[in-house]
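>>> below are the sequence and a predicted model for it; my questions follow.
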Amino acid sequence: QNQTLRISSKIIEYDLRKAITLQYLSVFSVWNDIAFHIELLTSSKNEEPILKQLVEKGLYKQVDYNSFMIEYKAQELLLKDLQIEYQKEISSLNVICGLPDIIYDHLELPEIRLNSQVKTDNSPFFKRFVVDSLKIQNEKLLIDRNYKPSVNWFSDAGLLNNMPRDISRNFGFSVGLSLTAPIYDGQQRKLNYEKLKIAEDTRLNYAGYFKQQFNQQLHQLSSELEQTQEIIPQVEQQLAFAESVIKQDKYLLNSGNISITDYINALKNYISVKRNLNLYQVKILQIMTEINYWNQ
């Protein structure tokens, strides 16, 4: 029972650590989006008076300026939505950690490294099956013990007297011996053996099923991690190209040599790529967290 409790508490500890880590990564993903959109809105806000002057000079139409402001307002609304989502996610994190409702000003991407491959014999997820087997063996020994002949002995002695001169006549003792041997139990022993056999078969089947699921889960997570890591360089290359395009378009926009619609499309593309990179980076750490949960 002590071993079962220790294993259960260990697994609960693993569950809590994984839940906190995954929730922190969710919080960081939203926080990173917020920081990016604040930077983006600041840049767009600086562009607004320049575009207004260009409209007054006739380089752009008023409808183009209105399209820019619509996109700007849309980004403001998106930022507000992200801030609401951030408050929700951070509250969930504080609840899991047992902390007061605190809003953090700055978050950092955690460094998560993959644990080395664990031996199943040392894993609490597999030790519980070993303990269950020992419990079944112990129950079988207890059944066998109840059917062994037993010998009990007892003794008793006493003194009952109010007169000192009569002590010798009022002192006594007794000794006894008893033998207990089972004769017939209505096949209870056989039925108890069958129950334990069913329990052991169930344990073996579940242990085999869990081991298969364990290996498949790790294989799937490792494959997903490898594929996601391969995507990162492509997205980074795409982001570098999008940043280059947005810088050129911003320069052309300020000189009136590109339409505002083209600039807005380039801006949307840049936002999409930037968010995708953030999601992939967080996803890699989430997968690592899942793998480390099993490799402990």
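Thanks, I have it.
>>> report the contact partners of residue 25.
110, 282, 285-286, 289 (C-beta atoms under 8 Å, 6 or more residues apart in numbering). Every C-beta, even on glycine, is put in place using the N, C-alpha and C of the backbone.
>>> what about 10 Å?
Residue 25 sits next to 89, 93, 109-110, 112, 281-286, 288-289 when contact means C-beta atoms under 10 Å, 6 or more residues apart in numbering.
>>> equivalent analysis for residue 235, please.
Contacts of residue 235 by C-beta under 10 Å, 6+ apart are 273-274, 276-281.
>>> let me have those residues in TSV, adding secondary structure and pLDDT as columns.
Formatted as TSV, the contacts of residue 235 follow (DSSP: H, G, I helix; E, B strand; the rest coil; pLDDT from 0 to 100):
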residue	secondary structure	pLDDT
273	helix	91
274	helix	90
276	helix	91
277	helix	92
278	helix	91
279	helix	91
280	helix	94
281	helix	93
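>>> run the chain-centre distance for the longest helix belonging to the chain.
Of all the segments of type helix in the chain, defined by DSSP state H, the longest one is helix 188-254. Between the centre of helix 188-254 and the centre of its chain there are 12 Å (C-alpha atoms, centre = their mean, to the nearest Å).
>>> what do you get for stretch 138-145?
Relative to its chain's centre, stretch 138-145 lies at 40 Å (C-alpha atoms, centre = their mean).
>>> what do you get for stretch 85-104?
16 Å.
>>> can you list contacts of it?
16, 19-20, 22-31, 33-34, 83, 107.
>>> can the contacts of residue 235 go into CSV with extra columns for distance to residue 186 and neighbour count?
CSV is the format used below for the contacts of residue 235 (distance: C-beta to C-beta, whole Å; neighbours: other C-beta atoms under 10 Å):
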residue, distance to residue 186, neighbour count
273, 76, 19
274, 76, 21
276, 71, 14
277, 72, 18
278, 70, 20
279, 66, 15
280, 67, 16
281, 68, 19
